[in-house]
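pasted the sequence and its predicted model underneath.
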Amino acid sequence: MFQPELETMDRPELERLQADRLKQTVERVYNLVPFYRRRLDKAGVKPGEIGSLEDLPRLPFTWKKDFRDHYPFGLFAVELEEVARIHASSGTRGKPTVVGYTQNDLRIWAEVCARALVIAGGRPGDVFHNAYGYGLFTGGLGLHYGAERLKATVVPVSGGNRVRQAALIRDFRPRGIGGTPSFVLSLAETMEEMGVDPRSTTLEYGIFGAEPWSEEMRRTLEEKWGIDALDIYGLSEVIGPGVSMECPKAKDGLHIAEDHFLPEVVDPETGDPLPDGAYGELVFTSLTKEALPVLRYRTGDIASLIREPCRCGRTHTRMSRIKGRIDDMLIIRGVNVFPSEMEAVVLEEKEVAPHYRLVVTKEGTMDRLTLEVEISEDLLRSTEGHFDPGHERCGQVCNRLQQRLKELLGITTEVSLKEPKSIPRSEGKAVRVIDRRKEAQPG
């Protein structure tokens, strides 16, 4: 363990630490962030009234919209000259979400990322191939400084350029790799095209995040690379990567750094707290952030919480793998559909490749969902090397996929088979959903 005295704290001691830090955080935002002062006053909550974790539901929620409404620095709790670094989202759905870090925030961020690396199996002296994007996105730099804090050797290759990355993996002989699961899967495909078996590399563990991914994707990555494929979770508004990390011993939930981040799960509609084990919206309160502390931030991610200690010896609460995002959830003819649920069906079908996307269109008043998925190289060879979606075996594949998706979702899904390498490969986060329903609306 990286910090065993913290990672194995007994629950009463940990909750006392959390309560003390929660009180300090509420006082900090009330005194230094006008937005939170107004929000707390409206909720009728004064800082001195927060005495224990039982008071947490009294605190107001924070939403992504609040970041956009106070763009760029309106939620900071320090003057700009105290901010050592700024990160931001891409802003594809509106104004970018801007976050800031003091020097102490950066120190804590490096520590939680180093802790995550050790949970995954990392150790000092490792070579770590970091294929997460660098820049304003928090993924690359978060794990970069975490690996340096661990005293590992970082290869800051970022995303893209799969041929070069394949060569670096062979030449630099890393033990660990980090990146989005879709990109690292496509990297394995590139190596195979170069005549190199990904299992022949020195890689032993992979840290994958930044997009929801399924257990079937885990099995595919592990089979392709011969590694432990492990889930990491984080989001810029809370700190970045390192909020939680999955261990290889159990692969049953991600260990939350609870001394820094206080988790809840609430009903997405009502905001009411849900019991452990129930799926709902994940909510985090930061406990040690200086530049940008947040109260009860609504992440939009669907997960559940597990309180029992893990077989690895760590005692902090675990969160389940992310089932999906509320804003990525598709509502098709009244049915809630998460892309990650459909991914499991795709990866179970051996005659298609693990490269797919979902296209949603509208025919009249009815929504139409189509799964576009590449056939496998084996299936292409069976059709004499010519892509023929009308071939008997292709028809059988379509029927199997349609039947399984109907059983899973309760609605009919069209299946469109594509020839190998026709679906665009991810250079970072995969684009899984193409929603064309608005295009079909008049005007």
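That came through fine.

my read is that K95 contacts H70, right?
No. Contact criterion Cβ atoms under 8 Å: K95 and H70 do not qualify, at 9.8 Å. Where you see a C-beta, it was placed from the backbone N, CA and C, and this is true even at glycine.

any idea which residue of this protein is furthest from its center?
Distance from the C-alpha centroid of the chain peaks at E384, with 40.1 Å (Cα atoms, centre = their mean).

check contacts around E246.
With Cβ atoms under 8 Å, 6 or more residues apart in numbering as the criterion, the residues that contact E246 are 119-120, 230-232, 253-255, 321.

how about 7 Å then?
When contacts are counted by Cβ atoms under 7 Å, 6 or more residues apart in numbering, E246 is found next to 230-231, 254.

most neighbours out of those residues, which is it?
The most neighbours of any of the contacts of E246, using other Cβ atoms under 10 Å, belong to L254, which has 27 neighbours.

got the phi/psi numbers for that residue?
Backbone dihedrals for L254, given as degrees, to the nearest 10, come out at phi -100, psi 130.

how close does it sit to E414?
Applying Cβ to Cβ, to the nearest Å, one obtains 35 Å for the distance of L254 from E414.

cool, and T62?
As defined by Cβ to Cβ, T62 lies at a distance of 40 Å from E414.

looking at these two, which has the bigger crowd around it?
When neighbours are counted by other Cβ under 10 Å, T62 and E414 differ, and T62 comes out ahead with 24 against 15.

in the sheet, who's paired with the residue nearest to the more buried one when sequence neighbours are not counted?
The shortest distance from T62 to any non-neighbouring residue, by Cβ to Cβ, 6 or more residues apart in numbering, is to Y297 (4.7 Å). Beta-bridge pairing for Y297 (DSSP bridges): T62, F284.

pLDDT score for Y297?
The predicted local distance difference test score for Y297 is 98.

next, count neighbours for it.
Close neighbours of Y297, defined as other Cβ under 10 Å, add up to 23.

my guess is it meets K289, correct?
No. Because the distance of 10.8 Å does not satisfy Cβ atoms under 7 Å, Y297 is recorded as not touching K289.

so where's the protein shaky on pLDDT?
Scanning the chain for pLDDT under 70 picks out 91-94, 427-428, 439-443.

which SSE is the residue nearest to the spatial centre of it in?
Centroid-nearest residue in the chain: A210, 3.7 Å away (criterion: Cα atoms, centre = their mean). Using DSSP states H and E, A210 sits in no helix or strand.

ok, and the closest non-adjacent residue to it?
The shortest distance from A210 to any residue that is not its chain neighbour, by Cβ to Cβ, 6+ apart, is 4.9 Å, and that residue is T180.

so how far is G139 from that neighbour?
Taking Cβ to Cβ as the measure, T180 and G139 are separated by 8 Å.

just checking, what packs against the helix ranked longest in the chain?
Within the chain, and with DSSP state H defining each element, the longest helix by residue count is helix 11-32. Based on contacts counted as 3 or more Cβ pairs under 7 Å, 6 or more residues apart in numbering; DSSP states H and E, the elements that helix 11-32 packs against are helix 34-42, strand 280-286.

ranking those by burial, who's on top?
Stretch with highest mean neighbour count among these: strand 280-286 (a mean of 24; mean count of other Cβ atoms under 10 Å).

got the CA positions of that strand in PDB?
Once side chains and other backbone atoms are set aside, the C-alpha atoms of strand 280-286 remain, and they are given as PDB (Å, rounded to 0.1, in the frame of the first residue of the first chain):
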ATOM      1  CA  GLY A 280     -28.200   5.900  -8.300                       C
ATOM      2  CA  GLU A 281     -26.400   9.100  -9.000                       C
ATOM      3  CA  LEU A 282     -22.900   9.400  -7.500                       C
ATOM      4  CA  VAL A 283     -22.300  12.500  -5.400                       C
ATOM      5  CA  PHE A 284     -19.000  13.700  -4.000                       C
ATOM      6  CA  THR A 285     -18.000  16.300  -1.400                       C
ATOM      7  CA  SER A 286     -14.300  17.300  -1.400                       C
END
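
can you map out the strands along the stretch 101-250 of the chain?
Listed from the start of the chain, the stretch 101-250 of the chain has strands (DSSP state E, counting those that start in this stretch) covering 127-130, 153-155, 176-179, 205-208, 228-235, 240-246.

turn those strands into JSON lines, including distance to R39.
Shown next, in JSON lines, are these (distance: least, Cβ to Cβ, whole Å):
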{"stretch": "strand 127-130", "distance to R39": "37"}
{"stretch": "strand 153-155", "distance to R39": "39"}
{"stretch": "strand 176-179", "distance to R39": "36"}
{"stretch": "strand 205-208", "distance to R39": "35"}
{"stretch": "strand 228-235", "distance to R39": "20"}
{"stretch": "strand 240-246", "distance to R39": "23"}
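
among the ones you listed, which comes closest to K438?
Comparing the strands of the stretch 101-250 of the chain by their distance to K438 (Cβ to Cβ), the top pick is strand 228-235, with 26.8 Å.

what packs against the closest one?
In this structure, strand 228-235 packs against strand 205-208, helix 215-225, strand 240-246, with contacts taken as 3+ Cβ pairs under 7 Å, 6+ apart.

which residues are contacting the second one?
Residues outside helix 215-225 that contact it (Cβ under 7 Å, 6+ apart) are 181, 184-185, 188, 198-199, 203, 206, 228-229, 343-344, 347-348, 354.

now do the contacts for the residue nearest to S244 when sequence neighbours are not counted.
If you skip the residues right next to it in sequence, S244 has L254 as its closest partner in space, 3.8 Å away by Cβ to Cβ, 6+ apart. L254 makes contact with 231, 233, 244-246, 318-319 under the criterion Cβ under 7 Å, 6+ apart.

looking at the residues you listed, which one is closest to V45?
M319 (26.2 Å).

and the closest one, how many residues sit next to it?
By the measure other Cβ under 10 Å, the count of residues near M319 is 23.

in this structure it contacts S244, no?
Yes. M319 sits in contact with S244 when judged by Cβ under 7 Å, with a separation of 5.6 Å.

what sits in contact with each of the two?
Common contacts of M319 and S244 (Cβ under 7 Å, 6+ apart): 233, 254, 256.

can you put those in TSV and add distance to V154?
Formatted as TSV, the entries for those read as follows, by distance: Cβ to Cβ, whole Å:
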residue	distance to V154
Y233	21
L254	22
I256	25
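
pick the one among these closest to P273.
Using Cβ to Cβ, I256 comes nearest to P273 of the shared contacts of M319 and S244, at 16.2 Å.

now for that closest one, how many residues are close by?
Summarising burial for I256: neighbours were counted as other Cβ under 10 Å, giving 24.

try Y356
Residues contacting Y356 under the criterion other Cβ under 10 Å number 23.

secondary structure element for it?
Take DSSP H and E as the rule and Y356 turns out to sit in strand 352-363.
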